[in-house]
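Engineer: predicted model and sequence follow; I will ask about them next.
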Amino acid sequence: MCGITARIGDDDSLEDLLVSLKNLEYRGYDSAGIAVQNGTGIEIDKCEGEVSELQAELATKDHDGPIGIGHTRWSTHGPPTDANAHPHTGCKGRVVAVHNGIIENYTTLREGLQARGHEFTSDTDTEVIPHLVEERLDAGFEAEAAFRDAIAELDGSYAIAMIIDGDPAVYATRNGSPLVVGVGDDANYLASDVPAFLEFTDRVVYLEDDDVAVITADDYRVTDTKGDAVSRPVETVEWDSEDAEKGGYDHYMLKEIHEQPVALRQTIHGRIEGEDVVLEEFPPGTFTDIDRVHFVACGTSYHAGMYGEWLLSKWGIDASTFIASEYAAYPAPVDEGTLVIGVTQSGETADTLEALESARKRGARTLALTNVIGSTAARTCDDALFIRAGPEIGVAATKTFSSQVATLVLLGERLVRDMTAEPTDECRQRLDALESLPEHIETVIEDSRAAAISERWLGDDGHFFIGRGNAYPVALEGALKFKEITYEHAEGFAAGELKHGPLALVTEETPVFAIGTGQYPKRLESNVREIQTRGAPVIAVAPRTATDLADTADEALSVPATHPDLVAILANVQLQLIAYHAADEMERSIDKPRNLAKSVTVE
Ligand code: M6R
């Protein structure tokens with residue numbers, strides 16, 4: 001995934017472009033570049049490395065101008081090098097473009113261009129774009145016509161921004177990759193995502209696939225592929241720029257862990273009334289035709305989906321979770337009675353989008369459970385339900401997991417009422433507990449001993465996380481978070497599964513985090529003893545009331561007692577803090593772990 005941005009005004013654009021690129025670094029950070037047009041040509045600066053390195057390079061130069069584009073890259077075609085960094089140009093340096101996505105037919109296009117005398121300077125698929133446009137300009141096309149005609153040649157997924165020397169506009173289009181216009185007072189903006197320009201404007205226009213936008217300093221126009229005007233509303237986003245900044249924390253991840261109470265309040269706000277769940281998008285009776293639920297998702301969102309599956313199964317609904325990248329190849333029966341829920345924070349994960357598309361083609365009803373209004377998943381599914389967690393910048397998903405699970409609890413209540421039965425007393429208790437969850441998370445964060453425990457129990461041979469029931473997806477999530485940001489070996493297991501193989505790996509140097517929910521206590525305690533017999537230290541992460549588990553374990557991290565269906569969300573917050581503090585001690589790149597990007601828009 002990459003981040004693209006543009007700014008066009010009457011004054012210089014460089015400063016705003018660099019702010020936007022910094023805000024987009026979560027989408028990719030192996031190289032960065034900008035191009036500015038200043039009336040005497042287009043200056044391009046780009047380099048391997050983070051935006052700060054580009055910034056340092058620019059400090060020694062006098063490159064600026066009112067029209068600019070920028071890019072932060074996460075490599076797909078060609079390694080991260082200065083040459084492969086965007087922007088890319090044609091042979092004459094007249095056309096300059098940045099791109100997010102993959103041009104599937106680039107080999108054919110490149111060979112054709114080379115046969116017609118074009119010379120390439122990078123390994124990227126992107127470079128074909130400025131060459132194709134340049135060819136059309138040379139043939140006498142006007143700028144917009146040249147852009148339209150060139151993009152008609154592209155197959156694949158893309159979001160593109162392009163400028164042409166001497167032309168007072170930014171040209172943009174998208175197909176399968178996000179792109180949003182920012183409408184400012186003194187300048188207009190374009191970016192892969194809203195936080196890029198939130199400091200400058202909160203008025204946005206979400207572009208749809210195949211839209212072509214022509215943006216000038218004081219106007220913008222959106223048309224379809226035929227050139228006919230299309231109407232895209234200007235929306236005001238409610239996030240403010242503070243939400244997308246670090247706000248005094250050392251890392252976005254820590255800030256976002258601390259934001260969980262606020263995020264959850266937003267998630268729940270207005271959605272519980274007395275004994276009822278009120279989902280504006282889904283009035284009672286919405287799901288009476290549904291008889292089966294599939295969750296499709298990746299990574300952390302997959303763990304949230306597993307949590308949802310556990311809840312629905314417990315409440316009598318036929319539910320299964322699938323790793324999105326496997327779903328298209330999985331012969332699970334799907335029909336019009338199947339609700340396929342894509343759980344995706346970004347709404348842009350290619351594997352999840354592909355799984356949803358495969359479900360749609362097979363006749364299922366699709367629903368996007370996402371954080372991003374205007375995301376591809378939200379727009380392409382039959383329905384969308386927003387988790388309202390606010391922007392998440394750290395690559396490691398934290399607050400969005402909690403908000404995803406809370407939203408699944410709410411959606412589950414709607415499903416259970418529509419598909420099976422009237423609400424029970426237990427539903428009421430669960431909704432009460434959900435309303436108290438933000439407060440409980442505040443307590444967990446305030447009282448957590450995770451910093452001390454992570455220092456004491458860093459293992460040489462690995463770190464295991466075990467749980468049963470709803471604590472099992474949290475064990476997987478705890479391990480994912482730990483390995484993702486510490487780069488240390490970590491695995492999550494169903495507690496009962498350890499003795500069927502993985503126990504062979506347990507040594508005195510393998511701390512095991514045992515997640516208790518108050519359900520199945522005896523079995524978990526016996527698993528803990530099996531582990532201790534092999535010499536491994538066990539850290540219980542469990543409600544205060546689970547005293548037997550805490551007494552059996554070598555160490556305990558407690559969470560407030562609440563409804564057992566929800567308590568694992570609290571345990572997960574402790575595990576987020578464990579991963580964070582361990583990574584911090586090891587001086588890892590917490591917000592931008594190596595080899596990873598926030599949203600993976602390639603399959
Ligand atoms: O945007 P999505 O929720 O679809 O992203 C799915 C995964 O890539 C994501 O959850 C990933 O596993 C996390 N960033 C890990 O912390």
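Structural biologist: Great, that's in hand.
Engineer: what about the one helix or strand Ile445 maps to, average pLDDT?
Structural biologist: In this assignment (DSSP states H and E), Ile445 forms part of helix 425-447. Helix 425-447 shows a mean pLDDT of 92 in the predicted model.
Engineer: on contacts alone, who are the packing partners of it?
Structural biologist: On a contact count with 3 or more Cβ pairs under 8 Å, 6 or more residues apart in numbering; DSSP states H and E, helix 425-447 meets helix 260-268, strand 272-273, helix 399-419, strand 555-559, helix 564-585. (Glycine included, C-beta is placed from N, CA and C.)
Engineer: rerun that using 10 Å as the cut-off
Structural biologist: helix 252-258, helix 260-268, strand 272-273, strand 276-277, helix 399-419, strand 555-559, helix 564-585 (3 or more Cβ pairs under 10 Å, 6 or more residues apart in numbering; DSSP states H and E).
Engineer: so the residue nearest to the spatial centre of the chain, which of the three states?
Structural biologist: Taking Cα atoms, centre = their mean, the centroid of the chain lies closest to Ser346, which sits 3.7 Å from it. Following DSSP: H, G, I helix; E, B strand; the rest coil, we place Ser346 in the coil state.
Engineer: hmm, back to that, could the helices and strands packed on helix 425-447 go into JSON lines alongside distance to Leu311, mean pLDDT and mean neighbour count?
Structural biologist: Shown next, in JSON lines, are these (distance: least, Cβ to Cβ, whole Å; pLDDT from 0 to 100; neighbours: other Cβ atoms under 10 Å):
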{"stretch": "helix 252-258", "distance to Leu311": "23", "mean pLDDT": "95", "mean neighbour count": "24"}
{"stretch": "helix 260-268", "distance to Leu311": "15", "mean pLDDT": "91", "mean neighbour count": "22"}
{"stretch": "strand 272-273", "distance to Leu311": "16", "mean pLDDT": "91", "mean neighbour count": "12"}
{"stretch": "strand 276-277", "distance to Leu311": "13", "mean pLDDT": "90", "mean neighbour count": "20"}
{"stretch": "helix 399-419", "distance to Leu311": "5", "mean pLDDT": "96", "mean neighbour count": "25"}
{"stretch": "strand 555-559", "distance to Leu311": "18", "mean pLDDT": "94", "mean neighbour count": "23"}
{"stretch": "helix 564-585", "distance to Leu311": "6", "mean pLDDT": "97", "mean neighbour count": "25"}
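Engineer: closest to the ligand out of the ones you listed?
Structural biologist: Distance to the ligand, taken as Cβ to the nearest ligand atom, is lowest for helix 399-419 among the helices and strands packed on helix 425-447, at 6.8 Å.
Engineer: in stretch 182-196, what's buried?
Structural biologist: Counting neighbours by 16 or more other Cβ atoms under 10 Å, one finds that the buried residues in stretch 182-196 are 182-184, 187-196.
Engineer: for that stretch, measure first residue to last.
Structural biologist: In terms of Cα to Cα, to the nearest Å, the two terminal residues of stretch 182-196 are separated by 9 Å.
Engineer: check stretch 577-594 too.
Structural biologist: End-to-end for stretch 577-594, by Cα to Cα: 19 Å.
Engineer: any bit of it sitting next to the ligand?
Structural biologist: No - using Cβ under 6 Å from any ligand atom as the criterion, no contacts between stretch 577-594 and the ligand are found, and the smallest distance is 8.7 Å.
Engineer: for the ligand, what's its nearest residue on the stretch 251-400 of the chain.
Structural biologist: Per Cβ to the nearest ligand atom, Gly299 is where the stretch 251-400 of the chain lies closest to the ligand, at 1.8 Å.
Engineer: quick check: that residue touching Ala479?
Structural biologist: No - in this structure Gly299 lies outside contact range of Ala479 using Cβ atoms under 10 Å: 11.8 Å.
Engineer: returning to what we had before: find the residue closest to the residue of the stretch 251-400 of the chain closest to the ligand in space, skipping its chain neighbours.
Structural biologist: Taking Cβ to Cβ, 6 or more residues apart in numbering as the measure, Gly299 lies nearest to Leu480, with 6.6 Å between them; neighbours along the chain are not counted.
Engineer: and for Phe493?
Structural biologist: Nearest residue to Phe493, sequence neighbours excluded (Cβ to Cβ, 6+ apart): Ile466, at 5.1 Å.
Engineer: so that neighbour, which of the three states?
Structural biologist: In terms of secondary structure, Ile466 is strand; the call rests on three-state DSSP.
Engineer: and it, what's its pLDDT?
Structural biologist: Predicted confidence (pLDDT) for Ile466: 96.
Engineer: beta partners of it?
Structural biologist: Beta bridges link Ile466 to Phe493, Ala514 when assigned by DSSP bridges.
Engineer: now it: how far from Arg529?
Structural biologist: Ile466 sits at a distance of 13 Å from Arg529 (criterion: Cβ to Cβ, to the nearest Å).
Engineer: got any residues that touch both of those two?
Structural biologist: Val538 (Cβ atoms under 10 Å, 6 or more residues apart in numbering).
Engineer: higher neighbour count, these two?
Structural biologist: Remark: of Ile466 and Arg529, Ile466 carries more neighbours, 28 against 11, as counted by other Cβ atoms under 10 Å.
Engineer: ranges for the strands of the stretch 151-300 of the chain?
Structural biologist: In order along the chain, the stretch 151-300 of the chain carries the following strands (DSSP state E, counting those that start in this stretch): 156-164, 170-175, 180-183, 187-191, 203-206, 212-215, 220-223, 235-236, 272-273, 276-277, 292-297.
Engineer: got TSV for those strands, with distance to the ligand too?
Structural biologist: As requested, the strands of the stretch 151-300 of the chain are arranged in TSV below (distance: least, Cβ to the nearest ligand atom, whole Å):
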stretch	distance to the ligand
strand 156-164	15
strand 170-175	18
strand 180-183	17
strand 187-191	17
strand 203-206	17
strand 212-215	25
strand 220-223	26
strand 235-236	21
strand 272-273	24
strand 276-277	23
strand 292-297	6
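Engineer: may I see those organised as TSV, with distance to Thr517 added?
Structural biologist: Formatted as TSV, the strands of the stretch 151-300 of the chain follow (distance: least, Cβ to Cβ, whole Å):
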stretch	distance to Thr517
strand 156-164	41
strand 170-175	44
strand 180-183	40
strand 187-191	41
strand 203-206	40
strand 212-215	50
strand 220-223	50
strand 235-236	40
strand 272-273	22
strand 276-277	22
strand 292-297	20
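Engineer: who wins for proximity to Cys427 among these?
Structural biologist: Taking Cβ to Cβ as the measure, the strands of the stretch 151-300 of the chain were each checked against Cys427, and strand 276-277 came out nearest at 8.6 Å.
Engineer: what segments of the stretch 451-600 of the chain are strands?
Structural biologist: Taking DSSP E, counting those that start in this stretch as the test, the strands found in the stretch 451-600 of the chain are 463-467, 490-494, 512-515, 538-543, 555-559.
Engineer: quick revisit: tell me who's in contact with the residue nearest to the residue nearest to the centre of the chain when sequence neighbours are not counted.
Structural biologist: Using Cβ to Cβ, 6+ apart and skipping the chain neighbours, the partner closest in space to Ser346 is Ser599 (3.8 Å). Neighbour list for Ser599: 1, 3, 26-28, 74, 178, 192-193, 344-350, 372, 375, 395 [criterion: Cβ under 10 Å, 6+ apart].
Engineer: give me the pLDDT for Ser599.
Structural biologist: On the pLDDT scale, Ser599 is placed at 77.
Engineer: ok, it to Val212 distance?
Structural biologist: Spatial separation of Ser599 from Val212 under the definition Cβ to Cβ is 24 Å.
Engineer: circling back: let me have the strands of the stretch 451-600 of the chain in TSV, extended by distance to His63.
Structural biologist: Formatted as TSV, the entries for these read as follows, by distance: least, Cβ to Cβ, whole Å:
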stretch	distance to His63
strand 463-467	47
strand 490-494	45
strand 512-515	51
strand 538-543	52
strand 555-559	51
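Engineer: who wins for proximity to the ligand among the ones you listed?
Structural biologist: Closest of those to the ligand is strand 490-494, at 12.6 Å (criterion: Cβ to the nearest ligand atom).
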